[in-house]
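Peer 1: Dropping the sequence and predicted coords here.
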2 protein chains.
Amino acid sequence: MPSDLDHERLHYLRHAVKLGSIRGAAERLNVNASTVSRQIALLEKDVATTLLERFGRGVRATEAGLLLVEYARIQDSAREDTLAKLGELKSLKRGHIELVTGEGYIDDLLGGPLQEFCQRFPGLTLSLEITGTDGIVQAVIEGEAQIGIVYFPPADRRLHTHARIRQPICAIVHPKHPLAKLGRAPKLSDLARYPIAELRGSFGTQKLMEVAAASESISLTPVVRTNSFLVLKRFVCANLGIAFMPAFAATREMTDGEVIALVIDHPVLRNAEAHIITRHGRRLPPATLGLLQHLIKRMKAFEPFASGRTKARRARSA
Amino acid sequence: MPSDLDHERLHYLRHAVKLGSIRGAAERLNVNASTVSRQIALLEKDVATTLLERFGRGVRATEAGLLLVEYARIQDSAREDTLAKLGELKSLKRGHIELVTGEGYIDDLLGGPLQEFCQRFPGLTLSLEITGTDGIVQAVIEGEAQIGIVYFPPADRRLHTHARIRQPICAIVHPKHPLAKLGRAPKLSDLARYPIAELRGSFGTQKLMEVAAASESISLTPVVRTNSFLVLKRFVCANLGIAFMPAFAATREMTDGEVIALVIDHPVLRNAEAHIITRHGRRLPPATLGLLQHLIKRMKAFEPFASGRTKARRARSA
DNA sequence: TTTTATCGTTGCGCGTTATGCAACGGACGA
DNA sequence: TCGTCCGTTGCATAACGCGCAACGATAAAA
């Protein structure tokens, strides 16, 4: 391999040229003069060129020496520039975070925690990918996203859950829907009598509903199948029937009085959890770590069911 | 001291990121995997940041890692650029030479050796300083010029003579001047009878003339004093009298037939020498060394008095 | 599920390299 | 001519990089 142009050696050369003296440079750099002399000699051997002219009193740079000194200067500034950028990365002044989550989290995420975080660290950029449960899990495992927020994720050794938040699946209905006047938490059998809209595809909500229904040997046959939460909510707003999702996924419509959320009286559905996950063993960059901790804190605060109540009507903190 | 961002370590990091594997990088670079692993770990310790995410299979760069890889790329190209410039310096494709000499050498220098050298190495630049003997010696000793061409330089341990060229001091006279018809080499006593133009200041020619005149107790009182060779030559061309200088300094006027040069019959003057000097012990850059050798070779070839002859009439090689 | 292969990491010993101390030769100034 | 300061060089020591081998972990194959 050709010469390395070692940074330390260039440093010695630079000071020797600047002070016009090897001993001076050595004193300045708190090393022995022999060190400076030898390292510069090695540098000269590397490039097969004399870099210093030795006089009885001090030294002076040759043209090649000046060239290397100038190179050292440029390299030094580039190095400090890079170190500064590195420092910015560490101090969350810059950075990029890739987040993958389900459609149901969008409103709450953007309205709350994400908004705060972005305002606090304006230099950070986000990628926010929306997909179903399987897609989220896969994206986290494959490393395409660093943080995943997912409902009812499958057990996988490669995943690490940083926070689990109880988010019961609710029956989302129109305020005028018969279930709204039931006076108690509806059971699965109560739901089966009304039209249902169902999520198609790999959604945790849907999987949970299937498990719960199977446990009570109840068949919930949907009249509408969709892969969009928005379609579900419009279905309910039109009072066409019931949809199932965690209450927070319909926050906006609830505060507007368009829909209400009823916790379903079933142990599996009541204890359903949203998980904040990363890949197991992954050491996260500072920015990602910051967002992760922020999410855990803020989203835990949003949890509406600290103690089990019957009706889910979230009070917005505004 | 903060981190050095060692070139070798960055090299390891770069390949590890590129191949997505530490072992792969190690194999590519013909080192053991432990080396790559350790050096990258040290790099991470230096910058206090994780640069790679380790998976069960291979590695991937973090944002900070990518930043350093990019830095390594930039630094590498800058390094190669500098190395290339260094190579050019060595191969005489680039470089700068500082030459200091007397006015008398200008015509011969520019017309011959310098012209050839500049054409052969078009990338080189020259500084050509014209001054008197003392100035030349001082410039060489102080390092302001690398090469000096000087007539009759004082003995000084700090000077090193690379070539000495016999250049007798001649009496430069008009073709119609009485001395031109003398039929033999004029003696100092012959010259004293005619008007003389003299160099003022620190010129080797002048010092030699003083030494020679003193040795024969002859006083040569000038009618014109000047510090310009051009003035001397115009003085002669107008047939106003005699001037003293080496024949080569009046080459142009001699070939034009305006003046002729008569070697003066005096041992000191006949054995006068022009010296090519540098500072003692100075290790010259390649370009300077090249010009030095070129000058020695070419100027020695110009020496018109390989064996002592009487009349100086240089035959131009054109 | 168990097995196997591959990955990154780490302890250890060896060779290289850098460093400090001291002494040397040379150059400059008094 | 002597004294001082310079850069350089032997020598012994400490630090570092490196290869070898083994380990734990992960991912693909059986």
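Peer 2: Yep, that arrived.

Peer 1: ok, the residue of the stretch 51-200 of chain A found nearest DNA strand C to A:Asn271 distance?
Peer 2: Across the stretch 51-200 of chain A, no residue is closer to DNA strand C than A:Gly56, which sits at 2.3 Å (C-beta to the nearest atom of the strand). Where you see a C-beta, it was placed from the backbone N, CA and C, and this is true even at glycine. Relative to A:Asn271, A:Gly56 is positioned 88 Å away (C-beta to C-beta, to the nearest Å).

Peer 1: so who does A:Ile264 touch?
Peer 2: A:168-171, A:185-188, A:191, A:212, A:244, A:270 (C-beta atoms under 8 Å, 6 or more residues apart in numbering or on different chains).

Peer 1: Compute the distance between it and DNA strand C, please.
Peer 2: Using C-beta to the nearest atom of the strand, to the nearest Å, we find A:Ile264 at a distance of 32 Å from DNA strand C.

Peer 1: Quick check, pLDDT for the nearest residue in space to A:Leu19 that is not next to it in sequence.
Peer 2: Once flanking residues are discounted, A:Leu19 sits nearest to A:Ala25: 5.4 Å by C-beta to C-beta, 6 or more residues apart in numbering or on different chains. Per-residue confidence (pLDDT) for A:Ala25: 93.

Peer 1: hang on, A:Ala25 in a helix?
Peer 2: Yes. Applying DSSP: H, G, I helix; E, B strand; the rest coil, one finds A:Ala25 inside a helix.

Peer 1: who does A:Val59 bridge with?
Peer 2: Beta-bridge partners recorded for A:Val59 (DSSP bridges): A:Arg54.

Peer 1: and it, how many residues sit next to it?
Peer 2: 23 (other C-beta atoms under 10 Å in any protein chain shown).

Peer 1: which other residues reach the host helix or strand of A:Glu116?
Peer 2: Counting by DSSP states H and E, the element that carries A:Glu116 is helix A:113-120. Contacting residues not belonging to helix A:113-120 are listed as A:124, A:126, A:128, A:290-291, A:294-295, A:298-299 [C-beta under 8 Å, 6+ apart].

Peer 1: let's see it at 10 Å
Peer 2: Contact with helix A:113-120 is made by A:92, A:97, A:99, A:105-106, A:108-110, A:124-126, A:128, A:287, A:290-291, A:294-299, A:301-302, as judged by C-beta atoms under 10 Å, 6 or more residues apart in numbering or on different chains.

Peer 1: Contacts only, for the residue nearest to A:Leu19.
Peer 2: Taking C-beta under 10 Å, 6+ apart, one finds A:11-19, A:31, A:33, A:35-37, A:40, A:59 in contact with A:Ala25.

Peer 1: and with 8 Å instead?
Peer 2: A:12, A:15-16, A:18-19, A:36.

Peer 1: A:Glu98 too?
Peer 2: A:126-127, A:129, A:144-147.

Peer 1: For PyMOL, write the selection for the buried entries among those residues.
Peer 2: Those of the contacts of A:Glu98 that count as buried under 16 or more other C-beta atoms under 10 Å in any protein chain shown are selected in PyMOL with:
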select buried, chain A and resi 145+146+147
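
Peer 1: In the contacts of A:Glu98, which has the lowest confidence score?
Peer 2: A:Glu144 (82).

Peer 1: and A:Leu99, that one's in a strand?
Peer 2: Yes. A:Leu99 forms part of a strand when assessed by three-state DSSP.

Peer 1: For it, list each beta-bridge partner.
Peer 2: A:Leu128, A:Ile147.

Peer 1: residues contacting it?
Peer 2: Per C-beta under 8 Å, 6+ apart, neighbours of A:Leu99: A:126-129, A:145-149, A:291.

Peer 1: quick one: which of the residues you listed is nearest chain B?
Peer 2: A:Gln146 (9.5 Å; C-beta to the nearest C-beta).

Peer 1: what sits against that closest one?
Peer 2: A:97-99, A:140, A:278-279, A:282, A:284-285, A:288.

Peer 1: As a check, name the ranges of all helices in chain A.
Peer 2: A:7-19, A:22-28, A:33-47, A:63-90, A:106-111, A:113-120, A:133-142, A:188-191, A:204-215, A:229-237, A:251-255, A:267-270, A:286-302 (DSSP state H).

Peer 1: Enumerate the positions of the helix holding A:Glu116 that are buried.
Peer 2: A:113-114, A:117.

Peer 1: and the residues you listed as CSV, adding pLDDT and distance to B:Ser219?
Peer 2: Shown next, in CSV, are those (pLDDT from 0 to 100; distance: C-beta to C-beta, whole Å):
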residue, pLDDT, distance to B:Ser219
A:Pro113, 85, 106
A:Leu114, 87, 103
A:Phe117, 91, 100
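
Peer 1: now these in a markdown table, with distance to B:Thr161?
Peer 2: Converted to a markdown table, the buried residues of helix A:113-120 look like this (distance: C-beta to C-beta, whole Å):
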| residue | distance to B:Thr161 |
| --- | --- |
| A:Pro113 | 83 |
| A:Leu114 | 81 |
| A:Phe117 | 77 |
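
Peer 1: Show me the subset of those that also lies near DNA strand D.
Peer 2: When C-beta under 7 Å from any atom of the strand is applied, no member of the buried residues of helix A:113-120 is adjacent to DNA strand D.

Peer 1: Quick check: which ranges of chain A have low pLDDT?
Peer 2: A:1-2, A:300-318 (pLDDT under 70).

Peer 1: Break it down into its structural domains.
Peer 2: Here the domain parsing of chain A from automatic domain parsing is A:7-90, A:95-162+A:274-298, A:169-270.

Peer 1: and the ones you listed as CSV, adding distance to B:Ala249?
Peer 2: Below are the domains of chain A laid out as CSV (distance: least, C-beta to C-beta, whole Å):
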stretch, distance to B:Ala249
domain A:7-90, 31
domain A:95-162+A:274-298, 72
domain A:169-270, 98
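
Peer 1: what's the angle between the helix holding A:Glu116 and helix A:286-302?
Peer 2: On the basis of axes from the mean of the first three to the mean of the last three C-alpha atoms, to 10 degrees, helix A:113-120 is oriented at 130 degrees to helix A:286-302.

Peer 1: show me the contacts for the nearest residue to A:Thr221 once chain neighbours are set aside.
Peer 2: Sequence neighbours aside, A:Ile196 is the residue nearest to A:Thr221 in space, at 7.2 Å (criterion: C-beta to C-beta, 6+ apart). A:Ile196 makes contact with A:220-224, A:241-244, according to C-beta under 8 Å, 6+ apart.

Peer 1: Could you list which of the residues you listed belong to strands?
Peer 2: A:224, A:242-244 (DSSP state E).

Peer 1: and A:His294, what does it touch?
Peer 2: A:113, A:116-117.

Peer 1: and which of these is nearest A:Thr251?
Peer 2: A:Pro113 (13.3 Å; C-beta to C-beta).

Peer 1: closest point of the stretch 201-318 of chain A to DNA strand D, which residue?
Peer 2: For the stretch 201-318 of chain A, C-beta to the nearest atom of the strand, closest residue to DNA strand D: A:Gly281, 4.6 Å.
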